[in-house]
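*Asks:* Mind folding the following:
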Amino acid sequence: MAFKIVRRLCIHLLFVVAWSINPNLQWVTPALSASSDLAQALAERFSSVKSMSGRFVQTGPRGEKSTGKFFLQRPGRIRFDYAGQQGVSVIADGKSLVIYNRKLKTSRLYPLSKTPLKLLLADKLDLSGSRLKSVEEVGDVVVIKLADKAAFGASNISITFDRKTFDLRKWKITDEKRLTTTVDIFNVKQGARAAAGTFIIDYSANRELNTTKSR
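*Replies:* Coordinates of the predicted model:
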């Protein structure tokens, strides 16, 4: 019993001494360190894939589902074309994100830098600083949760990878109201080339449409 008490005191003393030398030192358990190493390996593998295309199933906050095709190209570019919804698309061109509905003649434009999708589309998946919130291994997948309060407030993104192949499987974005949208992807082709104009946003048309709506 006395030995255990002395051992705990020695461990505590070692930590205090180390902290006094380096106040920024973080005490990392072997399990946490292993999870961080796995997350970094996944990030590096995903960052090496500069483009992809495939099919998607999107599940909204109320369980509503949409399907379609997607194209992704780093850095900052993605496009979703929704099946059965003629003229509905979501496009990011590296600077902005637009949700466009030709039928309803609506166009909503957002800075990409203010959405967690920016983390997924960055040239490299960055886990540095306080962005990495958790790494969770669930069955045959690994889920990496990222957030950046300064940029996105309470919003975050959880990215799911295949544990064996390291391939991207899905992502989930939770907004400040705790509403989540999940995008599952399949039939993915890595290195796919998108057609010219795939990621172009018509800013003049967006201004004209929103000016007309505001009258």
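*Asks:* pLDDT score for the most centrally placed residue in the chain?
*Replies:* Nearest to the mean C-alpha position of the chain, by C-alpha atoms, centre = their mean, lies Leu120 at 3.8 Å. Here, the pLDDT recorded for Leu120 equals 96.
*Asks:* Secondary structure of it: a helix, I assume?
*Replies:* Yes: secondary structure of Leu120 (DSSP: H, G, I helix; E, B strand; the rest coil): part of a helix.
*Asks:* which ones are touching it?
*Replies:* Contact partners of Leu120, counting by C-beta atoms under 8 Å, 6 or more residues apart in numbering, are Ile157, Ile159, Trp171. To be clear about C-beta, it is placed using only N, CA and C from the backbone, and glycine gets the same treatment.
*Asks:* Any regions of this protein where pLDDT drops low?
*Replies:* 1-34, 85-86, 209, 211-215 (pLDDT under 70).
*Asks:* Going along the chain, name the strands of it.
*Replies:* Per DSSP state E, the chain carries strands over the ranges 51-59, 65-73, 77-82, 88-93, 96-101, 106-111, 132-138, 141-147, 156-162, 168-174, 180-190.
*Asks:* Any chance of JSON lines for the ones you listed, columns mean neighbour count and distance to Asp202?
*Replies:* Shown next, in JSON lines, are those (neighbours: other C-beta atoms under 10 Å; distance: least, C-beta to C-beta, whole Å):
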{"stretch": "strand 51-59", "mean neighbour count": "17", "distance to Asp202": "22"}
{"stretch": "strand 65-73", "mean neighbour count": "17", "distance to Asp202": "17"}
{"stretch": "strand 77-82", "mean neighbour count": "20", "distance to Asp202": "13"}
{"stretch": "strand 88-93", "mean neighbour count": "19", "distance to Asp202": "9"}
{"stretch": "strand 96-101", "mean neighbour count": "18", "distance to Asp202": "9"}
{"stretch": "strand 106-111", "mean neighbour count": "14", "distance to Asp202": "9"}
{"stretch": "strand 132-138", "mean neighbour count": "14", "distance to Asp202": "36"}
{"stretch": "strand 141-147", "mean neighbour count": "20", "distance to Asp202": "30"}
{"stretch": "strand 156-162", "mean neighbour count": "20", "distance to Asp202": "27"}
{"stretch": "strand 168-174", "mean neighbour count": "20", "distance to Asp202": "25"}
{"stretch": "strand 180-190", "mean neighbour count": "15", "distance to Asp202": "24"}
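*Asks:* Including distance to Thr198, could the ones you listed go into a markdown table?
*Replies:* Shown next, in a markdown table, are these (distance: least, C-beta to C-beta, whole Å):
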| stretch | distance to Thr198 |
| --- | --- |
| strand 51-59 | 9 |
| strand 65-73 | 5 |
| strand 77-82 | 5 |
| strand 88-93 | 8 |
| strand 96-101 | 13 |
| strand 106-111 | 17 |
| strand 132-138 | 31 |
| strand 141-147 | 26 |
| strand 156-162 | 22 |
| strand 168-174 | 19 |
| strand 180-190 | 14 |
